[in-house]
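Asks: give me coordinates for this.
(one chain, ligands or ions: 1)
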Amino acid sequence: MASAALICDTEQWKGLQAHIGAIQKTHLRDLMGDADRCNAMTAEYEGIFLDYSRQRATGETMGKLFKLAEAANLKEKIEKMFRGDKINSTENRSVLHVALRAPRDTVINSDRVNVVPEVWGVKDKIKQFSETFRSGSWVGATGKALTNVVSVGIGGSFLGPLFVHTALQTDPEAAKYAEGRQLRFLANVDPVDVARSIKDLDPETTLVVVVSKTFTTAETMLNARTLKEWIISSLGPHAVAKHMIAVSTNLKLVEEFGIDPNNAFAFWDWVGGRYSVCSAVGVLPLSLQYGFPIVQKFLEGASSIDDHFRSSPFEKNIPVLLGLLSVWNVSFLGYPARAILPYSQALEKFAPHIQQLSMESNGKGVFIDGVQLPFETGEIDFGEPGTNGQHSFYQLIHQGRVIPCDFIGVIKSQQPVYLKGETVSNHDELMSNFFAQPDALAYGKTPEQLHSEKVPESLIAHKTFQGNRPSLSLLLPSLSAYEIGQLLAIYEHRIAVQGFIWGINSFDQWGVELGKSLASQVRKTLHASRVEGKPVLGFNSSTSSLLTRYLTAEPS
Ligand code: F6P
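Replies: Got it, this is the predicted structure:
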């Protein structure tokens, strides 16, 4: 077996490199003509259907990718993750977000301690707290029940919960439990975001949940202090006990902040921030809004994919197939980006969540053992729901750069289909685009076709589509809490697969540190200048003059 650091030196990697030429001679227009190939390039699990026939790949490519997976010890790495080995070696931590959704009787050890009872202990506490809160028995400082929740957190303590909340909001089953309630998020330290998050809210009926794994993140702590002040100035200092709760791994700092330890919900260092939506980070605010049983369905959906990922053969394993194809696109075909295109407005916050999950996990410069990578990892993830994206950036995807696309569709809409009398219903109209776009990308349009359509000669070049642009289609049966959990877990595992193959650590994020420490230097300078009138020193001429311009304008 090859060492992870040498994956690019293996004969399997080189075999794929040698295979690029053969694929470059193909066109998806021709590959799509082979019905057997198309049928083979599918996988299904619990009604979730993946069609990857529009990837620039053949059966031979897939065979070579499965061999690469073997060379990278993928099976063993997945096992190591599930059994709690400390695969996040730079932080000496297990990676156990799968334990957050495991059934109660599962045994998963980290440091020889079964973590599942602890996980369920916190879930039981959330269930109880959310029932008290939702029943109106939990009253605020003035005796009123609380109906509004502002969740304060950033990055992984924000994007995952926001995605799930946005997706549940229009699911009728979940929505009926949210009537008369509001869940909002405050992430950015920008005072504009503060204003937006509390606009028209009354502190008397608002609960603030401070969500931070470390409880030291500058933006979150300043926002938490700002909302604490908002509560105190209206209701007095004693109100904090009833109007502020917290989610963190650092319960000591939660207490020091002034939040009652009984109202703090723990999670653990073996949950990475961007993998934390299934911990109290997401489960608490979502349970306050929708009730714990709905959130439990979401967790069960994620858990079903954990089982599929751990036990299905790679040939039929959706996260593994997706991960391998991404490695193929990035490392061999050289496509640096990936577009995530859900044909569902409910999934409007899915791409921003996956952007953090993927780019913070796999945007690395070294192998897990610290050796410089001789190839690039990760991709630039972005996306928007269809059809909105079609009227925005699809031009570039069709005729500009080649960007592999994930098309995500839902068979049964969350919402009733209006205007049934039209030629097609609203949902069919939406889905017509979901089915058409991948073929437009794959087939393109030739000058010959344009000539036969009598397109004026001067426009032939402009109207030509080269095609041969890869995509994959993921079709979900519906979009209830369960499928939302499944979709989340599919992408979490896909991203881990990519990192396992590349041989990097997908679970640390040292790259965010430098900017944070420079910001703290600037923060001190701003303070010293504003409060003590000190000059701006210690920066290059560009930063000094920008800072001086900022400081000498209207003081904030
Ligand atoms: O900016 C990086 C990061 O550490 C993310 O990984 C994390 O999700 C986010 O900041 C927030 O961190 P915390 O939950 O500790 O406030």
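Asks: what packs against the helix or strand harbouring Leu162?
Replies: Using DSSP states H and E, the element containing Leu162 is helix 159-169. Helix 159-169 is packed against helix 172-175, strand 182-186, helix 280-290, helix 292-311, helix 350-362, helix 481-502, with contacts defined by 3 or more C-beta pairs under 8 Å, 6 or more residues apart in numbering; DSSP states H and E. C-beta here means a position set from N, CA and C on the backbone, and glycine is covered the same way.
Asks: got the end-to-end distance for stretch 65-79?
Replies: 19 Å (C-alpha to C-alpha, to the nearest Å).
Asks: before we move on, the earlier item: which of the helices and strands packed on helix 159-169 sits closest to Lys127?
Replies: Of all the helices and strands packed on helix 159-169, it is helix 292-311 that lies closest to Lys127, at 4.2 Å by C-beta to C-beta.
Asks: between helix 280-290 and that closest one, find me the angle.
Replies: Orientation of helix 292-311 against helix 280-290 (axes from the mean of the first three to the mean of the last three C-alpha atoms, to 10 degrees) gives an angle of 140 degrees.
Asks: quick one: average pLDDT of the next helix or strand after helix 292-311?
Replies: Once the chain leaves helix 292-311, the next helix or strand it forms, by DSSP H and E, is helix 318-327. Per-residue pLDDT over helix 318-327 has a mean of 98.
Asks: partner strands of the lowest-mean-pLDDT helix or strand in the chain and their direction?
Replies: The weakest-scoring helix or strand in the chain, judged by mean pLDDT, DSSP states H and E, is strand 109-110 (a mean of 92). Under the criterion DSSP bridges, strand 109-110 sits next to strand 113-114 (antiparallel) in its sheet.
Asks: picking up where we left off before, what's in contact with the helix holding Leu162?
Replies: 151, 153, 174-175, 178, 183, 185, 211, 274, 276-277, 281-282, 285-286, 289-290, 294, 298, 346-350, 352-353, 355-357, 479, 481, 484, 488 (C-beta atoms under 8 Å, 6 or more residues apart in numbering).
Asks: tell me the angle of it relative to strand 182-186?
Replies: 150 degrees.
Asks: restricting to C-alpha, output helix 159-169 in PDB.
Replies: Extracted as PDB, the C-alpha positions of helix 159-169 are listed here (Å, rounded to 0.1, in the frame of the first residue of the first chain):
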ATOM      1  CA  LEU A 159     -24.000  28.200   7.800                       C
ATOM      2  CA  GLY A 160     -25.200  24.700   8.500                       C
ATOM      3  CA  PRO A 161     -28.100  25.700  10.800                       C
ATOM      4  CA  LEU A 162     -29.100  28.500   8.300                       C
ATOM      5  CA  PHE A 163     -29.200  26.000   5.400                       C
ATOM      6  CA  VAL A 164     -31.400  23.500   7.400                       C
ATOM      7  CA  HIS A 165     -33.600  26.200   8.700                       C
ATOM      8  CA  THR A 166     -34.100  27.700   5.200                       C
ATOM      9  CA  ALA A 167     -34.900  24.200   3.900                       C
ATOM     10  CA  LEU A 168     -37.400  23.400   6.700                       C
ATOM     11  CA  GLN A 169     -39.200  26.700   6.600                       C
END
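Asks: average model confidence for it?
Replies: 98.
Asks: so it, near the ligand or not?
Replies: No - judged by C-beta under 6 Å from any ligand atom, helix 159-169 makes no contact with the ligand; its nearest approach is 8.0 Å.
Asks: starting at the chain centroid, how far to that helix?
Replies: Computed by C-alpha atoms, centre = their mean, to the nearest Å, the chain-centroid distance of helix 159-169 equals 10 Å.
Asks: pull out the buried positions in it.
Replies: Across helix 159-169, burial judged by 16 or more other C-beta atoms under 10 Å covers 159-169.
Asks: picking up where we left off before, make CSV from the helices and strands packed on helix 159-169 and add distance to the ligand, mean pLDDT and mean neighbour count to it.
Replies: Shown next, in CSV, are those (distance: least, C-beta to the nearest ligand atom, whole Å; pLDDT from 0 to 100; neighbours: other C-beta atoms under 10 Å):
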stretch, distance to the ligand, mean pLDDT, mean neighbour count
helix 172-175, 25, 97, 16
strand 182-186, 13, 98, 21
helix 280-290, 7, 98, 28
helix 292-311, 18, 98, 21
helix 350-362, 6, 98, 23
helix 481-502, 14, 98, 26
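Asks: save those as TSV, and put in distance to Thr446 too.
Replies: Below are these laid out as TSV (distance: least, C-beta to C-beta, whole Å):
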stretch	distance to Thr446
helix 172-175	46
strand 182-186	48
helix 280-290	48
helix 292-311	40
helix 350-362	32
helix 481-502	34
